[in-house]
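A.B. asks: need coordinates for the following:
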Amino acid sequence: MKAILGRKMGMTSVFAKDGTMYPVTVVEVLPNVVTQVKTIEKDGYVAVQVGYEDKKENRANKAEKGIAKKANTCPHYVSAELRGDEMANYQLGDLIKADLFQAGDVVDVIGTSKGHGYTGTIKRWHMTIGPKGHGSGYHRGQGSFANNGRYNHGVMPGKHMSGHSGNQSATLLNLLVVAVDAEKGYILIKGGLPGAKKSIVTIRSGIKTVKNKPAVKELLERTVAKEEPAPEVVEEVKPVETPVVEIPVEAAPVAETPAEADAPAEAEPVVEAPKEESKAEEVAPAAEEAKAE
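C.D. replies: Numbering: from 1, shown residues only. The predicted structure is shown next:
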């Protein structure tokens with residue numbers, strides 16, 4: 001049996017090349033550093049203590065610094081023991097990476113379930129509610145304890161009652177590993193896992209025998225193609241000769257100012273035409289001269 005620590009990140013969907021969809025949970029698996037080795041001679045059992053996620057030394061206590069110094073590493077936020085026959089091959093300071101498992105393996109995942117606080121029996125143990133009518137005296141009660149004559153001095157152990165729900169260890173068995181990427185540090189496991197997002201989970205080999213082991217199809221790799229910029233084509237622009245057309249420009253009329261418009265117009269001089277002397281006027285002086293003679 002082998003095991004490794006990881007952090008639950010969330011769920012997504014991946015697709016195989018034939019279109020098969022796998023709903024998976026993404027588990028971040030950073031390198032687990034072996035900080036202690038448990039042996040039968042010294043401790044009575046075989047296991048390794050690993051550290052997950054580096055911690056600054058100024059945030060660690062003396063005990064954590066001492067353990068990290070023996071392993072020639074830095075302190076870690078999470079420390080846990082991983083048991084199994086295959087774990088005995090690791091030495092102090094070794095790294096356990098995500099490639100410990102392969103696609104198609106059947107694993108068990110151990111985590112801490114979400115806490116729901118203090119809840120009643122209907123929500124905590126999924127009991128049946130009573131009649132909803134107003135005349136009913138029983139709606140969401142705990143029901144009979146049925147301890148008369150059998151356990152008169154108290155409540156029978158294991159009785160389902162109201163209390164704190166969740167926030168306890170939970171294990172899901174026989175889960176399928178869909179994909180493993182040691183470089184990017186993640187494992188894709190089919191289905192949901194116990195615990196909230198960003199919670200620590202333990203992935204171990206399945207303890208139960210699976211008769212019909214499901215096969216994982218080859219996944220479709222989605223890559224975003226980078227668009228290459230199109231080459232710039234520079235064309236020589238030849239000057240175009242445009243004919244020059246002369247357009248006669250008419251003088252714009254001069255607008256009169258208000259003062260000039262109100263001023264009286266000057267009278268033009270009148271040129272009198274010479275009057276033609278009539279023949280009668282020419283004859284009259286001639287007649288007078290004749291009389292005088």
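A.B. asks: beta partners for residue 50?
C.D. replies: Counting by DSSP bridges, residue 50 forms beta bridges with residue 34, residue 80.
A.B. asks: I'd say it and residue 83 touch.
C.D. replies: No: in this structure, residue 50 is not within contact of residue 83 by C-beta atoms under 8 Å, at 11.4 Å. C-beta coordinates here come from the backbone N, C-alpha and C atoms, glycine included.
A.B. asks: what are the neighbouring residues in contact with residue 4?
C.D. replies: 29, 32, 50, 82, 96, 98, 100-101, 202-204 (C-beta atoms under 8 Å, 6 or more residues apart in numbering).
A.B. asks: and the strands in the stretch 151-293 of the chain, which stretches?
C.D. replies: 163-166, 169-181, 186-190, 200-205 (DSSP state E, counting those that start in this stretch).
A.B. asks: so which elements touch the first one?
C.D. replies: Contact partners of strand 163-166 among helices and strands, from 3 or more C-beta pairs under 8 Å, 6 or more residues apart in numbering; DSSP states H and E: strand 115-119, helix 121-124.
A.B. asks: how close does the closest residue to residue 84 other than its chain neighbours get to residue 9?
C.D. replies: In space, residue 84 comes closest to residue 1 once its chain neighbours are excluded; the distance is 3.6 Å by C-beta to C-beta, 6 or more residues apart in numbering. Applying C-beta to C-beta, to the nearest Å, the value for residue 1 to residue 9 is 25 Å.
A.B. asks: quick one: which of residue 50 and residue 83 has more around it?
C.D. replies: Shown here are residue 50 and residue 83; by other C-beta atoms under 10 Å, residue 50 has more neighbours (26 against 15).
A.B. asks: list the contacts of the more buried one.
C.D. replies: 4-5, 32-35, 79-82, 96.
A.B. asks: of those, buried ones?
C.D. replies: Those of those that meet the buried threshold are 4-5, 32-35, 79-80, 82, 96, by 16 or more other C-beta atoms under 10 Å.
A.B. asks: how many residues are close by the nearest residue to residue 120 once chain neighbours are set aside?
C.D. replies: Excluding the flanking residues, the one nearest residue 120 by C-beta to C-beta, 6+ apart is residue 162, at 4.9 Å. Neighbour count for residue 162, taken as other C-beta under 10 Å: 16.
A.B. asks: was I right about residue 83 contacting residue 2?
C.D. replies: No: contact criterion C-beta under 8 Å: residue 83 and residue 2 do not qualify, at 9.9 Å.
A.B. asks: in three-state terms, label the closest residue to residue 155 other than its chain neighbours for me.
C.D. replies: Nearest non-adjacent residue to residue 155, counting by C-beta to C-beta, 6+ apart: residue 145, 6.1 Å away. Applying DSSP: H, G, I helix; E, B strand; the rest coil to residue 145 yields a three-state assignment of coil.
A.B. asks: what number of residues lie near residue 145?
C.D. replies: Count around residue 145 with other C-beta under 10 Å applied: 12.
A.B. asks: from residue 176, how far out is it?
C.D. replies: For residue 145, the distance to residue 176 - C-beta to C-beta - is 42 Å.
A.B. asks: now residue 5
C.D. replies: In terms of C-beta to C-beta, residue 5 sits 20 Å off from residue 176.
A.B. asks: do residue 4 as well
C.D. replies: In terms of C-beta to C-beta, residue 4 sits 16 Å off from residue 176.
A.B. asks: next: residue 216.
C.D. replies: 7 Å.
A.B. asks: looking at these two, which is more packed in?
C.D. replies: residue 176 (21 against 18).
A.B. asks: which one is the more buried one nearest to, not counting chain neighbours?
C.D. replies: That would be residue 190: by C-beta to C-beta, 6+ apart, it lies 4.3 Å from residue 176.
A.B. asks: list the contacts of the nearest residue to residue 132 once chain neighbours are set aside.
C.D. replies: In this structure, residue 132 finds its nearest non-sequential neighbour in residue 139, 7.0 Å apart by C-beta to C-beta, 6+ apart. The contact partners of residue 139, by C-beta under 8 Å, 6+ apart, come to 129-132.
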